[in-house]
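K.L.:
sequence first, then the predicted structure:
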Amino acid sequence: MIILALLQACSARLYIGGKTHVQIFNGLPGGVMLTVHCKSKDNDLNVHQISPNGMWGFVFKPSVWGNTLFFCSMQWPGQFHHVDIYDEGRDFDRCGKVCPWHVLPSGPCMYEAAKCEKWKS
């Protein structure tokens with residue numbers, strides 16, 4: 001009985017979840033280039049440069065087990081920071097299919113300033 005309930009929950013999560021799009025917008029003042037390097041435990045998405053007011057993003061399918069994590073280093077002149085850009089436990093319900101992050105000097109914010117995360121470094 002417990003195994004059946006667990007299988008049903010996992011199937012529903014796979015069906016409802018689909019693919020997730022993470023978007024990283026350069027919202028830094030002063031027209032500076034933002035350099036990002038995002039990874040998960042299994043995937044290195046390489047280094048990308050985001051021009052002022054530009055965007056870079058990636059697409060993935062969240063884990064059936066609820067443990068997908070992508071983390072990024074972000075740097076611009078005089079600054080270097082780390083942040084968990086997608087933590088499935090935190091973001092699965094609040095993002096839905098799209099996680100738009102606007103990078104500001106104080107940290108990345110979802111929906112421009114509604115939900116902000118602090119830098120880990």
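P.N.:
Done, it's in. Numbers count the residues shown, from 1 in each chain.
K.L.:
could you list the buried residues of the helix or strand harbouring Gly57?
P.N.:
Assigned by DSSP states H and E, Gly57 belongs to strand 55-60. Residues of strand 55-60 classed as buried by neighbour count (16 or more other C-beta atoms under 10 Å): Trp56, Gly57, Phe58. Glycine gets a C-beta too; all of them are placed from N, C-alpha and C.
K.L.:
ranges for the strands of this structure?
P.N.:
20-26, 34-39, 44-50, 55-60, 69-76, 79-87, 98-104, 107-110, 115-116 (DSSP state E).
K.L.:
what sits up against stretch 29-46?
P.N.:
Applying C-beta atoms under 8 Å, 6 or more residues apart in numbering, the external contacts of stretch 29-46 come out as 22, 24, 26, 28, 47-52, 56, 58, 60, 68-77, 85, 103, 105.
K.L.:
same check on stretch 92-107?
P.N.:
Under C-beta under 8 Å, 6+ apart, the answer for stretch 92-107 is 17-29, 34, 50, 62, 66, 74, 79, 81, 83, 85-86, 91, 108-113, 115-119.
K.L.:
in ChimeraX, how would I select just the buried ones from those residues?
P.N.:
Here is the ChimeraX command that selects the buried residues among the contacts of stretch 92-107 (16+ other C-beta under 10 Å):
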select :17,20,22,23,24,25,26,27,28,34,50,62,74,81,83,85,86,91,108,109,110,117
